[in-house]
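Chemist: Mind folding the following:
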Amino acid sequence: MSLIVWTAIISAYSAHGDANAALRLFGDMLSNGTRLDPVTFTAVLAACAHSGMVDEAWKIFDEMFLKYGIQLSVEHYACMVGVLSRARMLSEAAEFISKMPIEPNAKVWGALLHGVSVSGDVVLGRIVYDHLFEMEPENTGNYVIMAILYSQAGKWEEAENVGEKMNKIGLKKIPGTSWIETRGGYEAL
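Modeler: Numbers count the residues shown, from 1 in each chain. Here you go, the predicted model:
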């Protein structure tokens, strides 16, 4: 099998929450002597993030350069922040970001914002939101997540301020839609 096929299957297992199968396939790649690339490692780390496999992710991350000669990219760091955030290890994720040898981008901060939104940590959420606002002020998702975080904490005035800031800039949240197939064709809801 080609590297592209291996990686696509690992990504599919990851997307469907089967990290064990993804890691098993990754092990098969190593056993077969398949030359790995950065995309394969991103897929494997994402699988670990989706399944809470912190120890496995650290092992893979630590070996990427030392054992396999893969240069760590911001995507790999974002995956590790995702691993830690999803495991509710938010202080570890924030410390990891502070020690990154490369500048964290919106993917990295976004992974932490997701973790913060799940845990309800408003203080850390505000710090992350401020970074994201500087990097991508047009991303409505960041505003919405922060407003929800404030609302869940009962900080109604702060939630309203986030909405006003969004409106002041001229941004609008695009409403989600679902499609259903009817006898007359497809309809949006």
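
Chemist: Quick check: end-to-end length of stretch 147-164?
Modeler: Across its full length, stretch 147-164 reaches 10 Å between end residues, using CA to CA, to the nearest Å.

Chemist: Same check on stretch 84-100?
Modeler: Using CA to CA, first and last residues of stretch 84-100 are 14 Å apart.

Chemist: just how off-centre is that stretch within its chain?
Modeler: Offset of stretch 84-100 from its chain centre (CA atoms, centre = their mean, to the nearest Å): 12 Å.

Chemist: Next: stretch 8-17.
Modeler: 15 Å.

Chemist: Quick check: buried residues in that stretch?
Modeler: 9-11, 13-14 (16 or more other CB atoms under 10 Å). Any C-beta I mention is one placed from the backbone N, CA and C, and that applies to glycine too.

Chemist: Just give the strands next to the helix or strand where residue 181 lies in its sheet, each with its orientation.
Modeler: Using DSSP states H and E, residue 181 sits in strand 179-182. Sheet pairing of strand 179-182 (DSSP bridges) gives strand 185-188 (antiparallel).

Chemist: related to what we said a few turns ago, would you list the buried residues of stretch 8-17 in JSON lines and tack on pLDDT, distance to residue 180 and secondary structure?
Modeler: Shown next, in JSON lines, are the buried residues of stretch 8-17 (pLDDT from 0 to 100; distance: CB to CB, whole Å; DSSP: H, G, I helix; E, B strand; the rest coil):
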{"residue": "9", "pLDDT": "93", "distance to residue 180": "31", "secondary structure": "helix"}
{"residue": "10", "pLDDT": "92", "distance to residue 180": "32", "secondary structure": "helix"}
{"residue": "11", "pLDDT": "93", "distance to residue 180": "28", "secondary structure": "helix"}
{"residue": "13", "pLDDT": "92", "distance to residue 180": "29", "secondary structure": "helix"}
{"residue": "14", "pLDDT": "89", "distance to residue 180": "28", "secondary structure": "helix"}
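
Chemist: Looking at the residues you listed, spot the one nearest residue 55.
Modeler: Using CB to CB, residue 14 comes nearest to residue 55 of those, at 17.1 Å.

Chemist: My guess is the closest one contacts residue 42. True?
Modeler: No. With contact defined as CB atoms under 8 Å, residue 14 does not count as touching residue 42 (9.6 Å).
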